[in-house]
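Engineer: What shape does this take:
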Amino acid sequence: MKEINQHIDQIKKLCDTNKVKSLFVFGSVVKDKLRPESDIDFVVDIDDQDPLSYSDKYFDLKFNLEKIFKRRIDLLELKAIKNKFLKQEIDQAKLHIYGE
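Structural biologist: Here you go, the predicted model:
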């Protein structure tokens with residue numbers, strides 16, 4: 001989590017800018033087991049009903065997170081996780097870092 005904590009102010013600012021309702025992190029970053037080739041896994045819920053605006057916010061968030069961390073970001077949409085086993089696994093491992 002130290003990787004996340006080092007950039008928490010930038011993350012919060014990005015979330016404010018992009019109407020993020022909630023943001024969670026999971027995976028190796030939570031366990032402080034990031035390797036140089038590791039990506040960082042996030043789950044996001046963006047508060048925007050307009051599909052075009054939603055897309056802009058999603059990609060702006062993803063691009064800027066990659067810029068901040070200088071590594072690949074996997075940004076899953078909370079609403080898009082339909083596989084109940086995947087959702088359960090993520091729910092057990094995720095840490096809340098912004099919003100509700």
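Engineer: quick one: average confidence on the helix or strand hosting Asp56?
Structural biologist: Per DSSP states H and E, Asp56 falls inside helix 51-69. The pLDDT scores in helix 51-69 average 97.
Engineer: just checking, next helix/strand downstream of it?
Structural biologist: Beyond helix 51-69 toward the C-terminal end (DSSP H and E), the next one is strand 73-77.
Engineer: Now that following strand - C-alpha only, PDB.
Structural biologist: In PDB, the C-alpha atoms belonging to strand 73-77 read as follows (Å, rounded to 0.1, in the frame of the first residue of the first chain):
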ATOM      1  CA  ILE A  73      -3.200   0.200 -14.600                       C
ATOM      2  CA  ASP A  74      -6.100  -2.300 -14.800                       C
ATOM      3  CA  LEU A  75      -9.200  -0.200 -14.100                       C
ATOM      4  CA  LEU A  76     -12.300  -2.400 -13.700                       C
ATOM      5  CA  GLU A  77     -15.700  -0.800 -13.600                       C
END
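Engineer: and it, what other elements does it pack with?
Structural biologist: strand 40-46, helix 51-69 (3 or more Cβ pairs under 8 Å, 6 or more residues apart in numbering; DSSP states H and E). Yep, even glycine has a C-beta here, placed from its N, CA and C like the rest.
Engineer: Looking at those, spot the one closest to Gly99.
Structural biologist: Set against Gly99 and scored by Cβ to Cβ, the helices and strands packed on strand 73-77 come closest in strand 40-46, at 7.5 Å.
Engineer: which residues sit against that closest one?
Structural biologist: The contact list for strand 40-46 (Cβ atoms under 8 Å, 6 or more residues apart in numbering) reads 3-4, 18-29, 34, 54, 57-58, 61, 65, 69, 71-79, 81, 90, 94, 99.
Engineer: Same list, the helices and strands packed on strand 73-77, but as CSV with mean neighbour count and distance to Leu14 please.
Structural biologist: Output for the helices and strands packed on strand 73-77, formatted as CSV (neighbours: other Cβ atoms under 10 Å; distance: least, Cβ to Cβ, whole Å):
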stretch, mean neighbour count, distance to Leu14
strand 40-46, 21, 10
helix 51-69, 15, 5
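Engineer: Relative to Lys13, which of the ones you listed is closest?
Structural biologist: That would be, of these and by Cβ to Cβ, helix 51-69, which comes in at 9.4 Å.
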